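> fold the stuff below for me.
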Amino acid sequence: MEFERSADGGLTLRYRLEGALAVLRIPEAATPLPPERLWAYTCFEVFVGIAATDAYREFNFSPNGQWARFDFATYRGRVPSPVGPAPRLVINRDAGVLSLEAKLEAACVPAGELQLGITAVVEHGDGHHSYWALAHPPGKPDFHHRDGFAVALKAPTP
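Numbering: from 1, shown residues only. Below is the predicted model of the structure:
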């Protein structure tokens, strides 16, 4: 996992899944999924928290090329998301490696200091899921919990 914030406030995330991909359920480009439930399949995610507030934004990036954005005013307190530019996704799948790069324009990323929760859901061939994050809060996996927002990013400097 790599990430970087550009001088204009945009955000680039690079995910990499390595291993026996054939035993996983990975959505193909020709397989549309319900946008509200991309997280129910193999999916890469980022939770973008606004420092010193309860507000945050969730992005889901599917290996099939779909994506979704959800805005929250409080913990799981979803609010309407304004329409913004679509992220640019670059997806590559080779023997044993799935990589996804997501570039979010500055208009998609809140201004100021941010806290990121960088996560992934992996669906196995038997239908069970594993949940991956840079940090997990105690208890069952909960990517919305602010204790999982383990990366602090300062505001870009002009």
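
> helices of this structure, residue ranges please.
Ranges of helices in the chain, per DSSP state H: none exist.

> quick check: buried residues in the longest strand belonging to it?
Among the elements of the chain assigned as strand by DSSP state E, the one spanning the most residues is strand 114-124. Going by neighbour count (16 or more other Cβ atoms under 10 Å), the buried part of strand 114-124 is 114-123. Quick note: C-beta positions are derived from backbone N, CA and C, even for glycine.

> given it, what are its sheet partners and their directions?
strand 24-25 (antiparallel), strand 43-50 (antiparallel), strand 129-133 (antiparallel), strand 151-153 (antiparallel) (DSSP bridges).

> how distant is it from the center of its chain?
Put simply, strand 114-124 sits 5 Å off its chain's centre (Cα atoms, centre = their mean, to the nearest Å).

> CA atoms of that strand as CSV?
The C-alpha trace of strand 114-124 is given here as CSV (Å, rounded to 0.1, in the frame of the first residue of the first chain):
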residue,chain,number,x,y,z
LEU,A,114,-6.7,14.5,7.1
GLN,A,115,-6.7,11.1,8.9
LEU,A,116,-6.9,8.1,6.6
GLY,A,117,-8.2,4.6,7.2
ILE,A,118,-6.7,2.5,4.4
THR,A,119,-8.5,-0.8,4.1
ALA,A,120,-9.4,-3.8,1.9
VAL,A,121,-12.0,-6.5,1.9
VAL,A,122,-10.9,-9.9,0.3
GLU,A,123,-13.6,-12.4,-0.6
HIS,A,124,-12.4,-16.0,-0.6
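
> what residue lies at the spatial centre of the protein?
Glu45 (1.6 Å; Cα atoms, centre = their mean).

> and the strands in this protein?
Under the criterion DSSP E, the chain contains strands at 2-5, 11-18, 24-25, 43-50, 56-61, 67-74, 77-79, 88-94, 97-104, 114-124, 129-133, 151-153.
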